[in-house]
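Trainee: 3D, please:
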Amino acid sequence: MSKSAILSSSIAKKYWMALTGLFLCLFLVGHLLGNLQLIFKTGEEGKLAFNQYAHFMATNPAVKALAYLTYFSILFHSIDGIVLTVQNKKARPLKYANNNPAANSALPSRYMAVLGTLVLLFISLHMANFWFKSKVSNAAFPLHKVSVQQDGVQTKMDFYITQNGDYIPVSQFEEAEQMTEQGLMKIPASFEIKNGSEIYLKKEGLKRADGYKDLHGLVMSYFGKPKDGFPKNTWAGIAVGFYVLSMAVLSFHLWHGFASSFQSLGLRSKKFAKGITAFGRAFALIVPALFAIIPLIIYFF
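Mentor: Residues are numbered from 1 along each chain as shown. Below is the predicted model:
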């Protein structure tokens, strides 16, 4: 069989569909472990831990390579699913005279293309609200900021936390006015932020440190907990509801898709079939449920 014949065959598409699907399941686990820090670690510790995790995911070369592989897998998995659905319908242009799909297949398996399309819609909106804002809005994206008590409880001073462990006063990034004997005088800012997170000495033009982008604040504000530097999300309740609904759709998609991937690859033997099915169904219930819990806790507590 020629190379082009392999690429155009339904069998090859099913293999790639299965492989990309299983890879995306691994991605879901990794993404979930990082996101769970939003609820299991609180206060300044949780904020810093999540922003450090987000920074690592955005800058580590190996993780970035996996990220591009993930983007490709999502697109291929979605397009491949649509193509396979169309091919299957063309292969059977006439409906069976006596057709009872409920007796022959589970509900999720009959609507895999629809469920997959809904999941793709969710991913697109999810990336627009988080990935796009943090990547494209470099100049305006807030950095990780911490308020430190000065002189007891009367005074607070804001600092940017840098990746080398320094605390740089936020006030030194803005011009300040000061009264002198000669009158009002402006003191120029000592620092400026370039390229979204790089902190420079303004006068010398030398890079002093790198700050952490405040992805924690973005997520919290989006799901109903307003944070400094981020606008209040008046649609937070709808955002949470849509997120939870999308996780339910993902659960239905995984209910059939996980075990089906092993079957497409020829790895679902009689000996392991029950175990694979049980593990797949547990995965389909537990992983989306844990994802859904995160915005619910942020919104209600």
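
Trainee: all strands for the protein, in order.
Mentor: All strands of the chain, identified by DSSP state E, fall at 145-150, 155-161, 167-169, 176-180, 183-187, 191-194, 198-201, 206-210.

Trainee: Ser260 is nearest to which of those?
Mentor: strand 206-210 (44.4 Å; Cβ to Cβ). (C-beta placed from N, C-alpha, C; glycine too.)

Trainee: pLDDT below threshold where in the stretch 1-150 of the chain?
Mentor: Of all residues in the stretch 1-150 of the chain, those with pLDDT under 70 make up the ranges 1-10, 13, 84-85, 88-113, 137-139, 150.

Trainee: now the strands of the chain in JSON lines, with mean neighbour count and distance to Arg268?
Mentor: Formatted as JSON lines, these follow (neighbours: other Cβ atoms under 10 Å; distance: least, Cβ to Cβ, whole Å):
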{"stretch": "strand 145-150", "mean neighbour count": "13", "distance to Arg268": "51"}
{"stretch": "strand 155-161", "mean neighbour count": "16", "distance to Arg268": "49"}
{"stretch": "strand 167-169", "mean neighbour count": "15", "distance to Arg268": "55"}
{"stretch": "strand 176-180", "mean neighbour count": "9", "distance to Arg268": "68"}
{"stretch": "strand 183-187", "mean neighbour count": "9", "distance to Arg268": "70"}
{"stretch": "strand 191-194", "mean neighbour count": "16", "distance to Arg268": "53"}
{"stretch": "strand 198-201", "mean neighbour count": "16", "distance to Arg268": "50"}
{"stretch": "strand 206-210", "mean neighbour count": "14", "distance to Arg268": "48"}
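
Trainee: out of these, which comes closest to Leu48?
Mentor: Leu48 lies closest to strand 155-161 among these, at 6.7 Å (Cβ to Cβ).

Trainee: Between strand 145-150 and the closest one, find me the angle.
Mentor: On the basis of axes from the mean of the first three to the mean of the last three Cα atoms, to 10 degrees, strand 155-161 is oriented at 140 degrees to strand 145-150.

Trainee: Tabulate the CA atom coordinates of strand 155-161 in PDB.
Mentor: Coordinates of each C-alpha in strand 155-161 appear next as PDB, following Å, rounded to 0.1, in the frame of the first residue of the first chain:
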ATOM      1  CA  THR A 155       0.300  50.700  56.400                       C
ATOM      2  CA  LYS A 156       0.600  48.300  53.500                       C
ATOM      3  CA  MET A 157       3.300  48.400  50.900                       C
ATOM      4  CA  ASP A 158       3.000  46.600  47.600                       C
ATOM      5  CA  PHE A 159       5.900  44.600  46.100                       C
ATOM      6  CA  TYR A 160       6.500  42.700  42.900                       C
ATOM      7  CA  ILE A 161       8.000  39.200  43.500                       C
END
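
Trainee: For that strand, name the packing helices and strands.
Mentor: The elements that strand 155-161 packs onto, with contact taken as 3 or more Cβ pairs under 8 Å, 6 or more residues apart in numbering; DSSP states H and E, are strand 145-150, strand 167-169.

Trainee: Export the ones you listed as JSON lines, with columns for distance to Val63.
Mentor: Below are the helices and strands packed on strand 155-161 laid out as JSON lines (distance: least, Cβ to Cβ, whole Å):
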{"stretch": "strand 145-150", "distance to Val63": "25"}
{"stretch": "strand 167-169", "distance to Val63": "27"}
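
Trainee: Just the helices from the stretch 51-200 of the chain, written as ranges.
Mentor: For the stretch 51-200 of the chain, the helices defined by DSSP state H, counting those that start in this stretch cover 61-91, 101-104, 107-110, 112-126, 132-136.

Trainee: So which of the strands of the chain is nearest Ala58?
Mentor: strand 206-210 (11.8 Å).

Trainee: now the angle from that closest one to strand 155-161?
Mentor: If you take the same axes, to 10 degrees, strand 206-210 sits at 100 degrees to strand 155-161.

Trainee: residues in contact with strand 206-210?
Mentor: Strand 206-210 is contacted from outside by Thr162, Gln163, Asn164, Asp166, Ile168, Phe191, Ser197, Glu198, Ile199, Tyr200, Leu201, using Cβ atoms under 8 Å, 6 or more residues apart in numbering.
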